[in-house]
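1. fold the following.
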Amino acid sequence: MKSYAYWNNKGGTGKTSLCFQSLATYAHQHPLERILAIDVCPQANLSELLLGGLAHGGSAALLALQGEATRRTIGGYFERRLPSPFSVPPISSSAYISHPSEYNTQIPINIDLIAGDPLLELQSTAMSTLANTTLPGTNAWLAIIDWIKDLLDTVRDQYDVVFIDANPSFSIYTQVALSAADRLVLPVMADDSSRRAIQNAFSLIYGLKLPSEIYSQYAFATKLRDAGRPLPKVHVVAKNRLTQYMGSASAYSAVLRSIDTDIAVLVTQYPDMFGVADTTDAVVEIRDFQTAGVVAFARGCPFYAQRAGRADVVGRRVRVKEEYLQNCVESLQGLVDKL
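-> Okay, the predicted model is just below:
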């Protein structure tokens with residue numbers, strides 16, 4: 001079972017939109033594989049998209065899942081773990097899994113979902129406190145960090161690929177999400193802040209270039225390595241939202257070249273942090289989705305199922321140009337081909 005986490009600690013990089021479109025496209029193109037999407041974000045935007053989007057009742061469907069006696073969400077699962085946080089109880093994974101195609105007919109039937117939940121923010125404080133507990137003979141931090149891994153262990157024979165949408169933070173539930181993934185998809189934008197975000201991401205996950213040795217003993221990487229656990233490997237850096245018209249030849253080309261150079265240096269100096277051998281395999285360019293993206297996301301619709309022409313979006317008629325839609329499909333395919 002392969003598992004991908006989509007994450008950047010910088011917000012606004014298009015992480016959720018790329019996760020939604022790539023997992024839906026992958027599932028559509030691999031109908032015999034079973035896909036599990038896990039939304040580890042309190043905003044739960046991935047869940048709303050899979051359940052129908054703004055225009056097709058995605059928010060109401062998500063609220064219904066959160067309102068069940070046992071919340072059918074990642075928050076519901078974490079709630080189950082809180083009373084006995086350091087031991088693995090009997091886990092009924094089906095209690096937390098929903099089937100998006102039952103709510104949104106545009107989603108492939110081979111995708112299942114563990115929805116996001118605003119409870120994550122409340123649970124984060126409790127989880128952090130528990131992780132810092134001192135217990136003889138028990139690694140409390142690792143016991144908490146393994147919560148999603150414990151859940152995945154119960155379904156490894158049921159799914160081929162897991163897509164995890166992680167929150168743009170490095171809170172305890174984000175660490176739980178990242179530690180459960182084999183591979184990392186890191187979206188970045190064509191600006192200096194995204195370039196710095198790459199450096200920050202490698203610092204947070206791999207303990208690379210920490211400002212002082214004093215932080216090393218507390219680092220995520222140090223704790224996982226000390227426990228004999230593997231770190232997720234960077235699978236692809238997605239340079240996202242390039243202009244439709246000029247791509248990487250735009251005014252941002254200098255920054256984009258700098259990002260390529262930074263990644264090339266990292267691949268050369270730290271090959272164990274990557275799941276690929278060279279920069280060409282580690283980078284993909286994604287064009288700006290523009291109006292086609294706005295319509296697709298409002299409707300919870302994968303690009304391959306979107307139609308060009310006039311579309312109704314919450315009472316407004318919006319035109320999707322065939323050329324722009326095709327650009328979206330082709331650009332997104334470049335990412336899917338690397339999965």
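
2. show me what counts as buried in whichever strand in the chain runs longest.
-> For the chain, the strand with the greatest residue count under DSSP state E is strand 233-242. Residues Lys233, Val234, His235, Val236, Val237, Ala238, Lys239, Asn240, Arg241, Leu242 are the ones in strand 233-242 that count as buried (16 or more other C-beta atoms under 10 Å). All C-beta spots, glycine's among them, are computed from the backbone N, C-alpha and C.

3. what lies in contact with it?
-> With C-beta atoms under 8 Å, 6 or more residues apart in numbering as the test, strand 233-242 has contacts from 4, 13-14, 18, 182-190, 198, 248, 250, 252, 256, 259, 263, 272-276, 281-289, 335, 338-339.

4. out of those residues, which sit inside helices?
-> Residues of the contacts of strand 233-242 located in helices (DSSP state H): Leu18, Ile198, Leu256, Ile259, Ile263, Asp281, Ala282, Leu335.

5. can you put those residues in TSV and add neighbour count and pLDDT?
-> Listed next are these as TSV, based on neighbours: other C-beta atoms under 10 Å; pLDDT from 0 to 100:
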residue	neighbour count	pLDDT
Leu18	22	93
Ile198	19	80
Leu256	23	69
Ile259	23	78
Ile263	21	84
Asp281	14	82
Ala282	21	83
Leu335	21	92
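
6. which one of those residues is nearest Tyr77?
-> Leu18 (24.6 Å; C-beta to C-beta).

7. leaving out the residues flanking it, which one is nearest to that closest one?
-> Closest residue to Leu18 apart from its sequence neighbours, by C-beta to C-beta, 6 or more residues apart in numbering: Pro187 at 5.5 Å.

8. with Leu119 instead?
-> That would be Gly75: by C-beta to C-beta, 6+ apart, it lies 3.5 Å from Leu119.

9. where exactly do the helices run in this structure?
-> Using DSSP H, the helices of the chain run over residues 15-29, 45-50, 58-66, 74-81, 119-131, 140-145, 147-153, 172-179, 192-206, 220-226, 253-269, 279-282, 290-298, 322-336.

10. tell me what the longest one is packed against?
-> Spelled out, that is helix 253-269. If contacts are counted by 3 or more C-beta pairs under 8 Å, 6 or more residues apart in numbering; DSSP states H and E, helix 253-269 sits against helix 192-206, strand 233-242, helix 279-282, strand 283-287.

11. turn those into JSON lines, columns for distance to Glu102.
-> Formatted as JSON lines, the helices and strands packed on helix 253-269 follow (distance: least, C-beta to C-beta, whole Å):
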{"stretch": "helix 192-206", "distance to Glu102": "35"}
{"stretch": "strand 233-242", "distance to Glu102": "30"}
{"stretch": "helix 279-282", "distance to Glu102": "37"}
{"stretch": "strand 283-287", "distance to Glu102": "30"}
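
12. no more questions from me, cheers.
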